[in-house]
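**Student:** let me see the structure of the following:
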Amino acid sequence: MCRWLAYRGESLQPSTLILDSAHSLVAQSLNSPLGAETVNGDGVGFGWYSSGPDAAGSPALFHSIEPAWHDQNLREITQAVRSPLFFSHVRAAGGPPIQNTNCHPFRYENWMFMHNGFLSGFAEVKRDLTFAIDPSLYPHVRGTTDSEVLFHLALTLGLREDPVKAMRETVRKVESVGRDHGVPFPMQGTIAVSDGDTVWTFRYSTQGRSRSLFHSADIPTLRQLYPDAERLELFGDTAHVVVSEPLNDLPGAFIEVPESTLAILDAEGYRHEPFLEAA
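**Tutor:** Model prediction:
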């Protein structure tokens, strides 16, 4: 349904990845070889945490219903700021309307969330899942997407205290409600969540056939493999990105995240953990 990327590392001009890579996110919005939809032109979002001692804990957001390749403001902003952690997302609307409040990433306090996929049979399960959101959080649901409901359900189930446990409980809740309504494969997608320091990414679907997800190899390793690749000098040693599909064609530059797997990115780099067995 969409394409996204999440970056963590030394402060970086986001346009380096979002605009300037060989297969940048903007390029994927026009042509996504691994995506369920080739074109993702129904909106774009960019969320970033500031750097430095005066940085606010809450991320800044930019949303637009313009196609990413046509949005001059996206170009201006991603070239003007530098950030140690940012998300970006291009949307292919699968049902919910094309409107600003339906663009990812979503934000609550210092948390950001984005999703590529769908909750199958959302029209049937929407009422039950929405009613499961804590009443104090419900006013923050501003759009109409299944992804935003998923985020606020995860917040309800403890995302701020234990993101992994909360996401497991959230997915199981979606599957339970879906099956109550006769939906055979309720959950599909890849998800990224951050508190401004750590990035948690999840690849999971009830059917066991999830959307694609990759993360970059370590920059020092890539410099050894490709000593003549001048572009690698743009990145610090701790620069890492998790993406829906690779941003370049360099062999070994991107590693696929396995099915039903959680990839955690923090100051120590990546680590993988099993997420859930397909139900």
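**Student:** for the lengthiest helix in the chain, packing partners?
**Tutor:** With secondary structure taken from DSSP state H, the chain has its longest helix at helix 163-180. Under the contact criterion of 3 or more CB pairs under 8 Å, 6 or more residues apart in numbering; DSSP states H and E, helix 163-180 touches helix 122-131, helix 146-156, strand 187-194, strand 199-205. Any C-beta I mention is one placed from the backbone N, CA and C, and that applies to glycine too.
**Student:** out of the ones you listed, which comes closest to T238?
**Tutor:** When the helices and strands packed on helix 163-180 are compared by CB to CB, strand 199-205 sits nearest T238, at 12.5 Å.
**Student:** next SSE downstream of that closest one?
**Tutor:** Heading C-terminal from strand 199-205, the first helix or strand you meet, by DSSP states H and E, is strand 214-216.
**Student:** buried residues in the longest helix of the chain?
**Tutor:** Across helix 163-180, burial judged by 16 or more other CB atoms under 10 Å covers 163, 166-171, 173-175, 177-179.
**Student:** can you show me the CA trace of that helix as PDB?
**Tutor:** This file holds the C-alpha atoms of helix 163-180, laid out as PDB (Å, rounded to 0.1, in the frame of the first residue of the first chain):
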ATOM      1  CA  PRO A 163       6.900  -1.200  22.600                       C
ATOM      2  CA  VAL A 164       7.500  -4.800  21.700                       C
ATOM      3  CA  LYS A 165       5.000  -6.300  24.100                       C
ATOM      4  CA  ALA A 166       2.400  -3.600  23.100                       C
ATOM      5  CA  MET A 167       2.800  -4.300  19.400                       C
ATOM      6  CA  ARG A 168       2.500  -8.100  20.000                       C
ATOM      7  CA  GLU A 169      -0.700  -7.500  22.000                       C
ATOM      8  CA  THR A 170      -2.000  -5.000  19.300                       C
ATOM      9  CA  VAL A 171      -1.500  -7.500  16.500                       C
ATOM     10  CA  ARG A 172      -3.200 -10.300  18.400                       C
ATOM     11  CA  LYS A 173      -6.100  -8.000  19.200                       C
ATOM     12  CA  VAL A 174      -6.500  -7.200  15.500                       C
ATOM     13  CA  GLU A 175      -6.400 -10.900  14.700                       C
ATOM     14  CA  SER A 176      -8.900 -11.800  17.400                       C
ATOM     15  CA  VAL A 177     -11.400  -9.100  16.300                       C
ATOM     16  CA  GLY A 178     -10.900  -9.900  12.700                       C
ATOM     17  CA  ARG A 179     -11.600 -13.600  13.200                       C
ATOM     18  CA  ASP A 180     -14.700 -12.700  15.200                       C
END
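**Student:** quick check: angle from that helix to helix 122-131?
**Tutor:** On the basis of axes from the mean of the first three to the mean of the last three CA atoms, to 10 degrees, helix 163-180 is oriented at 130 degrees to helix 122-131.
**Student:** what about helix 163-180, average pLDDT?
**Tutor:** Helix 163-180 shows a mean pLDDT of 98 in the predicted model.
**Student:** thanks again, I'm all set now.
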